[in-house]
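Engineer: got a sequence here, can you build the structure:
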Amino acid sequence: MAANSMKLLTGNSHPLLARRVADRLGIDLTKVLVVQHSNQETSVTIGESVRDEDVFIIQSTAPGEVNDGLMELLIMINACKTASARRITAVIPNFPYARQDKKDKSRAPISAKLIANMLQTAGCNHVITMDLHASQIQGFFNVPVDNLYAEPSMLRYIRENFDYRNAVIVSPDAGGAKRATAIADRLDLNFALIHKERSRPNEVSRMVLVGDVQNKIAILVDDMADTCGTLVKAAQTLKKHGAQEVVAIVTHGILSGNAIDSINKSEIGRVVVTNTVPHDEKKKRCPKLHTIDIAPTLAEACRRTHNGESVSFLFSHAPT
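Structural biologist: Residues are numbered from 1 along each chain as shown. Next up, the predicted model:
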């Protein structure tokens with residue numbers, strides 16, 4: 001495959017991340033015009049030939065515009081397919097509807113499977129995503145899925161920004177225990193767990209801490225911060241048990257609803273998120289918000305995919 005036959009496209013969901021990836025790869029973004037008509041229909045015009053090219057479409061999910069972003073992605077994939085692209089890779093840093101991955105009550109849809117079907121029907125040949133809410137979502141696809149991890153970038157951030165020898169890694173719920181123990185093992189630190197009891201979805205009633213955080217920096221690790229109710233309550237619990245400082249490190253900072261106000265009023269010293277989801281406007285309102293740039297990881301995954309190299313190196317290493 002020729003070294004120059006790589007095209008990078010993006011819609012309106014996270015153009016800043018796409019530009020960072022393009023700069024990292026040393027290529028220009030392909031000209032694409034994505035507009036919404038007055039009747040809310042999405043129209044896509046690709047301004048360059050993609051015939052027989054290796055096409056990468058970067059499209060994340062911007063809070064409040066998840067469905068618009070998804071529709072843009074599907075239409076762009078289909079436009080490239082009908083324009084005879086050789087291979088179409090959807091780079092979706094934050095996979096939409098990933099929390100609807102199982103039938104947890106009667107008549108509940110498995111929406112993540114529906115999204116997988118839609119992407120494949122549109123003409124997607126390969127998916128690159130990051131920190132899937134449930135890694136078995138990869139099994140919903142009949143095409144290859146590379147689920148990258150933010151963990152190496154998080155480890156680097158922790159090593160460079162904290163006296164981490166005096167830290168303890170905390171999972172805010174039982175579901176994230178595996179993620180938190182992996183980070184604790186890599187840093188050779190202790191691990192604590194918060195057991196939460198929910199009264200109803202998105203609302204936590206009681207929290208019980210398992211582990212010792214006395215006089216330690218408590219680093220809360222999670223894959224997603226949406227309304228931040230769990231993180232705020234977890235921080236209260238940790239402070240009550242004598243934690244010196246509480247820091248939250250999260251892959252997808254969705255931060256919807258009153259999340260920013262909740263963080264500002266909370267016991268959390270800082271919330272560190274990756275830029276899989278755009279949050280620049282929120283940073284202006286929240287001095288506690290810090291960013292880990294994952295564009296180098298996504299760019300390296302695209303480069304390796306394009307050149308037919310192994311991507312598994314990125315599961316344990318963050319590109320410099």
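Engineer: ok, the nearest residue to Tyr149 once chain neighbours are set aside to Ile75 distance?
Structural biologist: Nearest residue to Tyr149, sequence neighbours excluded (CB to CB, 6 or more residues apart in numbering): Phe315, at 5.6 Å. Backbone N, C-alpha and C define where each C-beta goes, glycine included. Distance of Phe315 to Ile75, given as CB to CB, to the nearest Å: 31 Å.
Engineer: Ile128: which element?
Structural biologist: strand 126-130 (DSSP states H and E).
Engineer: alpha carbons only: can I get that strand in PDB?
Structural biologist: Taking Å, rounded to 0.1, in the frame of the first residue of the first chain, the C-alpha atoms of strand 126-130 are listed here in PDB:
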ATOM      1  CA  HIS A 126     -12.600  -1.700  10.800                       C
ATOM      2  CA  VAL A 127     -13.200   0.100  14.000                       C
ATOM      3  CA  ILE A 128     -10.700   1.800  16.400                       C
ATOM      4  CA  THR A 129     -12.100   2.900  19.700                       C
ATOM      5  CA  MET A 130     -10.900   3.500  23.200                       C
END
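Engineer: where does the chain have low pLDDT?
Structural biologist: 1-4, 198, 201-204 (pLDDT under 70).
Engineer: quick one, strands of this structure?
Structural biologist: 6-10, 32-36, 42-46, 54-58, 87-92, 126-130, 145-148, 167-171, 190-200, 203-210, 217-225, 245-253, 270-274, 289-292 (DSSP state E).
Engineer: neighbouring strands for the last one, and are they parallel or not?
Structural biologist: When you say that, I think you mean strand 289-292. In the sheet, strand 289-292 lines up against strand 270-274 (parallel) (DSSP bridges).
Engineer: so what touches the partner strand?
Structural biologist: Contacts with strand 270-274, where a contact means CB atoms under 8 Å, 6 or more residues apart in numbering, come from 93, 130, 150, 153-154, 157, 225, 228, 231, 247-253, 255, 263, 279, 286, 288-294.
Engineer: tilt between it and strand 126-130?
Structural biologist: Interaxial angle, strand 270-274 versus strand 126-130 (axes from the mean of the first three to the mean of the last three CA atoms, to 10 degrees): 170 degrees.
Engineer: tell me, how many residues neighbour the residue nearest to Thr237 when sequence neighbours are not counted?
Structural biologist: Of all residues beyond its chain neighbours, the one nearest Thr237 is Met207 (4.5 Å), with distances taken as CB to CB, 6+ apart. When neighbours are defined as other CB atoms under 10 Å, Met207 has 18 of them.
Engineer: more crowded one of Phe315 and Ile75?
Structural biologist: Ile75 (17 against 13).
Engineer: what about the more buried one, distance to Ser43?
Structural biologist: Here the criterion is CB to CB. By it, Ile75 lies 8 Å from Ser43.
Engineer: now His133
Structural biologist: 31 Å.
Engineer: compare neighbour counts for the two and give me the winner.
Structural biologist: Shown here are His133 and Ser43; by other CB under 10 Å, His133 has more neighbours (18 against 11).
Engineer: hmm, Arg99 and that one touching each other?
Structural biologist: Yes: here His133 lies in contact with Arg99, judged by CB atoms under 8 Å, at a distance of 5.4 Å.
Engineer: mutual contacts of those two, please.
Structural biologist: Met224.
Engineer: show me the contacts for the closest residue to Val21 other than its chain neighbours.
Structural biologist: In space, and not counting its chain neighbours, Val21 is closest to Ala299: 4.6 Å by CB to CB, 6+ apart. Ala299 makes contact with Arg20, Val21, Arg24, Leu25, Pro319, according to CB under 8 Å, 6+ apart.
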